[in-house]
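Colleague: The sequence isn't on hand, but the structure is:
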């Protein structure tokens, strides 16, 4: 069986046209996945975090229970505030 790109698959749709459409769909899905990963970050699970206020730079926010340093100034965490 000879696979010619101009072979008609159904109606007036050729194999070439079907491959173009398939490539466009795959390309669009890949682009969507890349955009999603770049702009829509996963939120951290708050069950594994604690509220923290840095004594050195006054940064405040949630850090990992196991985190030992401030994310802004890298100062060691001495105590964790409950919030």
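Modeller: Thanks, I have it. Not measured: the values here are computed from a predicted model.

Colleague: if I look at residue 12, how far off is residue 20?
Modeller: 14 Å (C-beta to C-beta, to the nearest Å). No exception for glycine: its C-beta is placed from N, CA and C like everyone else's.

Colleague: ok, these two, which is more surrounded?
Modeller: residue 20 (12 against 7; other C-beta atoms under 10 Å).

Colleague: need the contact list for residue 56.
Modeller: 70, 73, 75 (C-beta atoms under 8 Å, 6 or more residues apart in numbering).

Colleague: how near is the residue nearest to residue 8 when sequence neighbours are not counted to residue 30?
Modeller: Leaving aside its sequence neighbours, residue 8 sits nearest to residue 14 (C-beta to C-beta, 6 or more residues apart in numbering; 5.8 Å). Distance from residue 14 to residue 30, counting by C-beta to C-beta: 24 Å.

Colleague: Between the two, point out the one with more neighbours.
Modeller: Ranked by neighbour count (other C-beta under 10 Å), residue 14 and residue 30 place residue 14 first, with 16 against 10.

Colleague: is it true that the more buried one touches residue 3?
Modeller: No - here residue 14 does not reach residue 3: they are 11.5 Å apart, not a contact under C-beta atoms under 8 Å.
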